[in-house]
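Participant: Kindly return the folded structure for what I paste below:
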Amino acid sequence: MVSKVNEQLKLFLDACDQQMFEARIAVSDIDRFISGVNFGTGTLQVILDSLPNSVKDISRLASYLRMSLLVTAFENNEFQPTVIMNKVVPFTKSFVDQLQPNSDAAYIELMFNMAVILERLGYAFPWKPKAVEWSLKTIGKNGLGEVGRRGATKFLKTLIYGGSVPASQILPELIETVARSGDQFHDWASGLVLMLQDQISHNMALQIIGMAPNRDMISMDFCKLVAAMMVRENLFSALCNRKQWRNAMVRLTIMKLLVEQGMTQLIPMMVDDPEALLDHFVVVYSHLSEEAKKANIEKWIMRLDNQRVCPSTHVTLFISTCAPFSLQQSELMYIVMMDRFKRNPVLLKYLMEACPVWASKRAPCIAALAFNTLMAQPLDPACVDWAFKLFDYLQDCASDDYVYVIPLVRSLLYNNEKFIRAEAIRFLDRYGVDDALEEIAKIALSDSEQYTRLAAMDVLSANIEKSVQFKDIILAQLLFDQDLCVREKAILYAGKLIQIRGTVSNEVQKLLENRKCPLQLLRFTVSKTQISALLGATLSLSSESRLAAMDVLSANIEKSVQFKDIILAQLLFDQDLCVREKAILYAGKLIQIRGTVSNEVQKLLENRKVSDDDEACLKATDIALGRRLERYDTGHIDEVDDFLSQLLQRLSSSNIGSDNIPDCF
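Facilitator: Prediction:
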């Protein structure tokens, strides 16, 4: 298969020099093809043999194809130095020579990617000065977009790390770019200048500090750069007059970075700044005296009331850093942050954990708030989750002598809303309220809503040792419940009972054995006689029955192996997709434990086609035949081969269809 792909690749590379190549193949086709190529030795040789010394006589898209293949090949293989110097470098020079400043970003990014590779490998390439020049222009130009500037930044970082270009050659242009990009959302240059900060002259440092007040967009790299220059020059006067700054957050972020570096003389300005945010106060808090902490903490809590936009991470950090609060401060924070608690209840949890004494005193009011929210009409479904989270936090955070939550939640077992009843059941289960199991069992038997009864059955099953006293009542009624999902839960409940107790009552056993539909329970009690009886279920009109039968047969495969050919011949082509998939996986298990299936079944598996089946069945077939790992270990060879065939067919077509839009490059 690999050699076939290489042959197809050779044909495709030969065809890319045709006149109609650009009209019938798009850049997206090339990118998709390259993402699946597995670069073995043969593939590399095919690529190298196709490289011309010049790209003047071939289309730009053909040169893009070859350059893309080379870049990807370098990422996965090692090349001989002679190959690089004699084949690769001449081709890349020709490719770069054809580029124009207005060329598409995809082509320019390829140039930068190849430049990074050659630079890291330590090879000289004649077009390096052009790459440096273009990279400096690209990071400051909006027109090429993020793709081009990302490639340029990567190349410049490689040059800086390697030290192969003098800082004096690139620093002035980079600093000018920083100055010009103050109103741009992305800052590509400041990080590069920061890497070269040891090479920045005194005048350059003053230039960087001077541009900070006029910057419109905040950039962390820019703020770090300015902070570093201020420390080096011991020049902080620009921070004193906040009215001179276009963006207050640029100034405050620089001050925050400086305080973190020990410039504590800036703390009074930050504390008193009306535009400072919670995270700024957190930074200075540890540097304040105890008296200053007490004097400022309530002021900053009140400031939260005015700051409608404040990230929850800042609030969390504020609570964890400044706690413990006094009862008065905790109460003030609770009142000020009520709207935030309703949007993000976990913030209340953090406050309760930080102030357990306040949490115990406030617990009855918080519980009443949650309860009243659930009783409100009309009920907002989103409030159900919120209210039960408050109940959870009260149970987790309040002191042990607070016992009011459980009675409130138990009363909700009889609420009119099914979602509230179900959440109440789950809550009582989470906190191990054993004496509520009888009420939960009654709900499982008599509630009018499936959603609630299923929740009750989940809890009873999870607490099976404690709920065993209700088993006969539950099973006698629910094994024949009108709702399929409830019946299934009851069956699984009975299965658990058999696992831990070894038996159920004779009445329940008979109910189970006499059901027409095979049950998942049988996997615990199956015998060869019962397996034989199950074969009839594979003919059932109900897909549910056929699926259940396949589950039992698969779980007891050693006992069912004598019937394998009957099962597979019929179910491999079942009308139901899920049944087909289970049959295929059943065949796979047979192959695993027996090493084979009959020739007929083997052929049925191998001859399955995409048009006949769903993807899930094809995947199951690969697993059954042991092909799944082989398919992926060889780099999607079959997919690459198919796609190459499609591209070659498109090139040989006499007509250009509507899908073959001419390449915009």
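
Participant: Where does the residue nearest to the spatial centre of the chain sit: helix, strand or coil?
Facilitator: Nearest to the mean C-alpha position of the chain, by Cα atoms, centre = their mean, lies residue 313 at 20.2 Å. Recorded secondary structure, residue 313: helix (DSSP: H, G, I helix; E, B strand; the rest coil).

Participant: Alpha carbons of the top helix by length along the chain, as PDB, please.
Facilitator: Using DSSP state H to define each element, the chain has its longest helix at helix 356-375. Presented in PDB, the C-alpha positions along helix 356-375 are these (Å, rounded to 0.1, in the frame of the first residue of the first chain):
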ATOM      1  CA  PRO A 356     -17.100  29.500  59.000                       C
ATOM      2  CA  VAL A 357     -18.400  31.500  62.100                       C
ATOM      3  CA  TRP A 358     -20.300  33.900  59.900                       C
ATOM      4  CA  ALA A 359     -21.500  30.900  57.700                       C
ATOM      5  CA  SER A 360     -23.100  29.200  60.800                       C
ATOM      6  CA  LYS A 361     -24.800  32.400  61.900                       C
ATOM      7  CA  ARG A 362     -26.100  33.100  58.300                       C
ATOM      8  CA  ALA A 363     -27.000  29.500  57.500                       C
ATOM      9  CA  PRO A 364     -30.700  29.700  58.300                       C
ATOM     10  CA  CYS A 365     -31.200  32.800  56.100                       C
ATOM     11  CA  ILE A 366     -29.200  31.200  53.200                       C
ATOM     12  CA  ALA A 367     -31.300  28.000  53.500                       C
ATOM     13  CA  ALA A 368     -34.500  30.000  53.600                       C
ATOM     14  CA  LEU A 369     -33.300  31.900  50.500                       C
ATOM     15  CA  ALA A 370     -32.700  28.700  48.600                       C
ATOM     16  CA  PHE A 371     -36.000  27.200  49.800                       C
ATOM     17  CA  ASN A 372     -38.100  30.200  48.900                       C
ATOM     18  CA  THR A 373     -36.500  30.400  45.500                       C
ATOM     19  CA  LEU A 374     -37.700  26.800  44.800                       C
ATOM     20  CA  MET A 375     -41.200  27.600  46.000                       C
END
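
Participant: Next secondary structure element downstream of that helix?
Facilitator: The C-terminal neighbour of helix 356-375 among helices and strands, as given by DSSP states H and E, is helix 381-397.

Participant: So what touches that following helix?
Facilitator: The contact list for helix 381-397 (Cβ atoms under 8 Å, 6 or more residues apart in numbering) reads 342, 345-346, 348-349, 352-353, 356, 359, 363, 366-367, 369-371, 373-374, 376, 402, 405, 408-409, 417, 419-420, 423, 427, 430-431. Placement of C-beta: from N, CA and C, glycine included.

Participant: Report the angle between the longest helix of the chain and helix 381-397.
Facilitator: For helix 356-375 against helix 381-397, the angle by axes from the mean of the first three to the mean of the last three Cα atoms, to 10 degrees is 150 degrees.

Participant: Centre of the chain to helix 356-375, how far?
Facilitator: Its chain's C-alpha centre and that of helix 356-375 lie 36 Å apart, by Cα atoms, centre = their mean, to the nearest Å.

Participant: same check, this time on stretch 81-97
Facilitator: 40 Å.

Participant: Also stretch 94-103?
Facilitator: Relative to its parent chain, stretch 94-103 has a centroid offset of 38 Å by Cα atoms, centre = their mean.

Participant: got it, and stretch 129-145?
Facilitator: 32 Å.

Participant: Can you list the buried residues in it?
Facilitator: 130-132, 134-136, 138-141, 144 (16 or more other Cβ atoms under 10 Å).

Participant: next one: stretch 204-224
Facilitator: Judged by neighbour count using 16+ other Cβ under 10 Å, the buried positions of stretch 204-224 are 204-205, 207-209, 211-213, 215, 217-219, 221-224.

Participant: How about stretch 55-72?
Facilitator: 55, 58-72.

Participant: between those residues, which is closest to residue 295?
Facilitator: Nearest to residue 295 among those: residue 71, at 61.0 Å, using Cβ to Cβ.

Participant: For the closest one, list the residues it contacts.
Facilitator: 110, 113-114, 117.

Participant: which of the residues you listed lies closest to residue 192?
Facilitator: residue 113 (17.5 Å).

Participant: Now the closest one: closest residue in space, sequence neighbours ignored.
Facilitator: Once flanking residues are discounted, residue 113 sits nearest to residue 71: 5.0 Å by Cβ to Cβ, 6 or more residues apart in numbering.

Participant: Quick check: next helix or strand after the helix or strand harbouring the one you found?
Facilitator: Per DSSP H and E: residue 71 is located in helix 60-76. Per DSSP H and E, the first helix or strand lying C-terminal to helix 60-76 is helix 81-83.

Participant: Output stretch 481-488 as CSV, nothing but the C-alphas.
Facilitator: Provided in CSV are the C-alpha atoms of stretch 481-488 (Å, rounded to 0.1, in the frame of the first residue of the first chain):
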residue,chain,number,x,y,z
ASP,A,481,-43.8,-1.1,34.8
GLN,A,482,-45.3,0.6,31.8
ASP,A,483,-42.1,2.7,31.3
LEU,A,484,-39.2,0.9,29.6
CYS,A,485,-36.5,2.8,31.4
VAL,A,486,-38.0,2.1,34.8
ARG,A,487,-38.2,-1.7,33.9
GLU,A,488,-34.6,-1.6,32.9
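
Participant: For that stretch, buried residues please.
Facilitator: Buried residues in stretch 481-488, counted by 16+ other Cβ under 10 Å: 481, 486-488.

Participant: what does stretch 434-454 give?
Facilitator: Within stretch 434-454, the residues scored as buried using 16+ other Cβ under 10 Å are 436-437, 439-441, 443-445, 447, 452-454.
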